[in-house]
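Chemist: prediction below, plus the sequence it came from.
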Amino acid sequence: MKKNKKIILLLFLLFAVAVILVSPFIGMENISLDTILNFNQSNIKTDIFWRIRIPRVLIAFIVGSTLAIGGMTFQAMFRNSLATPFTLGVSSGAAFGAALYVKLGFLFTLVGITGQTIFAFAGALLSIIIIYLLSKIKKGFSVGTMLLAGVAINFFFSSFILFIQYISDFTHSFRIIRWLMGGFEIVGYSEIYNTLPFIIIGTIIIIFLSTELNLLTLGEDIAISRGVNVKKIKNILFLATSLMVGAVISVVGPIGFVGMMIPHISRLIIGADHRYLVVLNIIFGGAFLVLCDTLSRTLIAPAEIPVGVITALLGGPFFIWLLIKSSNSNTTL
Amino acid sequence: MNKVLFDIQNLNFSFGKKEILKSLSLKIYEGDYLSIIGPNGSGKTTLIKCLTGILTVPNKKIFFKNIPIENITQKKLASQISYVPQVNEQSFPFTAKEFLMLARYPHLSRFTSVTQKDKTAVEKAFEITGTKEFANRQLNTLSGGEKQMIFIAAALAQGGEIILLDEPATFLDPKHEEKIYKILKSIHQNENKTIVTITHNINSAILFSNKIALLKNGEICYYGNSNKITEDNILEKAYGKKFTFIKHPFSQKTIIVPEEV
């Protein structure tokens, strides 16, 4: 069993390495290996390769990993495949923040982070706080109710965004829509590196608590009776995950469904043991988003499809498939 | 007199406005096999959940080995108290072996992996319950009875000296029911565990346990020797119905026969 799991991880690692190595060469402008290895000659293609493609691939990988393990953690905590930061409204909160920033016509940068990112992050935090309070106020708040609350939060923020767009002029409106689609081409690279502290700390915490995640998937009662300090652990996980996902989304925009599809598929592939699952999610989530981003650059080149559109097109049907497949909405893990 | 493990003193517990336990006092002694019986909604499950730390109780109401339960860390509590919940239809995406290994959590340190001691405990739990054949099966593929046995095995692997069970045999066929009670008896006698089990089967409580606690409306209305539960209309008063008794042909204990309707 354990050996099999390690082989699976190794195969996915090879897949990820292959994707990462190939992806930077493909795009609007295909670049050959010779061009890169020719160090003496500086030309546009080498510039594109080193300054644009390589960072972009790395960022796509980091974002994909973060969304995947974030989704995995929420799914385990709430024992439901549909419960991810995205479905619970973190993205729509971020989108609301970003839209508000554009509308207000601010243009500022704080310690290297754009105002839009800061506003988006604040919006993400707002929805996190709402979900958290909802889950605390009412004892025995079921996962089903929680998901419905997420839907409500999504609607609420979406209506606000629509309203902002309605009263905005054309350029503002376009900037908002563009942000809502999510993607890496709108990203400044320094911003993504600013999110690294959140990502690194969050990832370490989740890896550290993987046994607790295993116990949480058995249900809170069992987890407590086995000695897990459920309240504390859940608070830590909730905070760490939300911050890291919120940080990523506030930079690249709402890239939907990665956090739902990847952890679910990973669980089908390697089982529910989070000690392996977390590693697979990091590798698979990262590689998947690099792949999607490569598609986004090539499908209708020279134009680009925002990567959020691609993941959403894949994710919608997947979501419905999950709904149909799971007979009991409270435990679909 | 044996050592007192649990000392519950005037415990009140309510969910919102609904009072579940009313000034309940009870002592649970080391080495006992205690059955908790009572009508539906009398607070049996709530009581057990208070003892495991799943439900948070008011301060200084439950003492475990003379220490207020709220002063004991959950991990320490779990290393001494094992709990077998009511098995329901929820999914458990683990193999039986993984499930038992997870039950070793209170003994694991964060920085070391599974030790030989953990492996031995899991092996032994499979042996005692006779469930070794299920070790590599997914829990979700097991039948209700098999799953229940694995849950008991997990409680053993957890290593607590006390095992609390919530209706371990309620939905099982007669064969699996008997198997569960045999395992409990063997755990009680051969492994020296204290057993506290909720049951609706009054006969099994009379036949297998040495003590019975009878709950009604959140209060204890009988606590003592299991043989005496059939005396003085105790059961009639608690359940609000007539019972017909008969002597068990082998053990000579008084048990209940089903009524004709």
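Modeler: Looks like it came in fine.

Chemist: which residues of the stretch 1-150 of chain A fall in strands?
Modeler: For the stretch 1-150 of chain A, applying DSSP state E, counting those that start in this stretch gives strands covering A:109-110, A:113-114.

Chemist: partner strands of the last one, parallel or antiparallel?
Modeler: Right, strand A:113-114. strand A:109-110 (antiparallel) (DSSP bridges).

Chemist: nearest residue to residue B:22 other than its sequence neighbours?
Modeler: Spatial nearest neighbour of residue B:22, excluding adjacent residues (CB to CB, 6 or more residues apart in numbering or on different chains): residue B:218 at 4.2 Å. C-beta here means a position set from N, CA and C on the backbone, and glycine is covered the same way.

Chemist: check whether that neighbour really touches residue B:15, as I assumed.
Modeler: No - the criterion here is CB atoms under 8 Å, and residue B:218 misses it with residue B:15 at 11.4 Å.

Chemist: and these two? Which one has more around it.
Modeler: The neighbour comparison of residue B:218 against residue B:15 (other CB atoms under 10 Å in any protein chain shown) goes to residue B:218, with 23 against 11.

Chemist: for chain B, what lies in contact range of chain A?
Modeler: B:15-16, B:49, B:52-54, B:73-79, B:81-83, B:85, B:89-95, B:98-99, B:102-103, B:105-106, B:108, B:110, B:136, B:158 (CB under 8 Å from any CB of the partner chain).

Chemist: now a ChimeraX select for only the buried ones of those.
Modeler: Buried residues among those (16 or more other CB atoms under 10 Å in any protein chain shown), as a ChimeraX selection:
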select /B:49,52,53,54,74,77,78,79,81,82,83,85,91,92,93,94,95,98,99,102,103,105,106,108,158
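
Chemist: ok, back up a step: spit out the contact partners of the residue nearest to residue B:22.
Modeler: B:13, B:19, B:20, B:21, B:22, B:24, B:42, B:43 (CB atoms under 8 Å, 6 or more residues apart in numbering or on different chains).

Chemist: look up phi and psi at it.
Modeler: Residue B:218 has phi and psi values of phi 80, psi 10 when expressed as degrees, to the nearest 10.

Chemist: how close does it sit to residue B:212?
Modeler: 17 Å (CB to CB, to the nearest Å).

Chemist: ok, now residue B:198?
Modeler: Distance, residue B:198 to residue B:212, using CB to CB: 11 Å.

Chemist: overlap of the contact sets of these two?
Modeler: Applying CB under 8 Å, 6+ apart, one finds that residue B:198 and residue B:212 are jointly contacted by B:35, B:36, B:37.

Chemist: give me the buried subset of those residues.
Modeler: For the shared contacts of residue B:198 and residue B:212, buried by 16+ other CB under 10 Å: B:35, B:36, B:37.

Chemist: just list whatever residues bridge to the second one.
Modeler: Taking DSSP bridges, one obtains residue B:198, residue B:213 as the residues bridged to residue B:36.

Chemist: tell me where the stretch 51-200 of chain B has helices.
Modeler: Assigned by DSSP state H, counting those that start in this stretch, the helices in the stretch 51-200 of chain B fall at B:74-80, B:96-102, B:116-129, B:144-158, B:174-190.

Chemist: so which residues make contact with the second one?
Modeler: This points to helix B:96-102. Here helix B:96-102 makes contact (CB under 8 Å, 6+ apart) with A:211, A:214-215, A:218, A:226, A:273, B:92, B:94, B:114, B:118, B:122, B:125-126, B:131, B:134-137, B:139, B:142, B:150, B:153-154, B:157.
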